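Enquirer: Task: produce atomic coordinates for the following.
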Amino acid sequence: MSAHDWIQTIFVVLIGLSMIAMAGVALAVGRVVTRMAATAERMQGLFENDIRPVVRDLGELIKVTRDSSARIMNNLAATSDLLRARAQDADALAADVIERARIEVIRADQLISGSLEMMQRATEAIERGVMVPIREMTALVAGIREGVAFFFSRRREGSKREGAPVEEQLFI
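Expert: Residues are numbered from 1 along each chain as shown. Alright, predicted model coming up:
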């Protein structure tokens, strides 16, 4: 056999071995793919049986929650508007009450000031109309009493006090 035949035989053997190796790799890949397909089917079954109902229930829960949260938000907005309106009404009422109270305090102050002025004028009028004449009468009575006392004391003491000046007797 020639060298060329030997090289050809070696290449044919190598190609045959490569084909066997490729067939082995293809079988190994086939087995891996089969196992992966079985695993994928198990996962699909798990997904179909366990996860899909959970996802479906989760979707329904989200839908119900979205509807409920929308109603809650609408209720909160309405309540907020109502509370704001009530607060404005209460503020207006409080401002009105404060203004009225301020006006009443001013009126009460004016009434008290007027009453005090009238009482002072009445006191002054009583003093002028009653107390001044009483003082004058008291002074007049005191003067008359002193005059009478002086008159009567002069006669008795006339001989004793002749040397005292008249001014001194009037000074008392």
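Enquirer: quick one: whatever helix or strand residue 63 lives in to chain centroid distance?
Expert: Take DSSP states H and E as the rule and residue 63 turns out to sit in helix 52-126. Centroid separation for helix 52-126 versus its chain: 12 Å, with Cα atoms, centre = their mean, to the nearest Å.
Enquirer: Quick check: mean pLDDT of it?
Expert: The pLDDT scores in helix 52-126 average 89.
Enquirer: Start at 9, not 1
Expert: I'll keep to 9 as the first residue from here, and by that count the last item is helix 60-134.
Enquirer: Quick check: the residue nearest the centre of the chain vs residue 83, distance?
Expert: By Cα atoms, centre = their mean, the mean C-alpha position of the chain lies nearest to residue 95, the distance being 11.6 Å. From residue 95 across to residue 83, the span is 18 Å (Cβ to Cβ, to the nearest Å). From N, CA and C alone the C-beta is placed, and that goes for glycine too.
Enquirer: what do you get for residue 124?
Expert: Counting by Cβ to Cβ, the gap from residue 124 to residue 83 is 60 Å.
Enquirer: what does residue 107 give?
Expert: Here the distance between residue 107 and residue 83 works out to 36 Å (Cβ to Cβ).
Enquirer: and if you look at residue 10?
Expert: Distance from residue 10 to residue 83, by Cβ to Cβ: 100 Å.
Enquirer: higher neighbour count, these two?
Expert: Ranked by neighbour count (other Cβ atoms under 10 Å), residue 10 and residue 83 place residue 83 first, with 10 against 7.
Enquirer: contacting residues around that one?
Expert: Neighbour list for residue 83: empty [criterion: Cβ atoms under 8 Å, 6 or more residues apart in numbering].
Enquirer: What of residue 69?
Expert: No contacts exist for residue 69 under Cβ under 8 Å, 6+ apart.
Enquirer: contacting residues for residue 29?
Expert: Counted by Cβ under 8 Å, 6+ apart, residue 29 has zero contacts.
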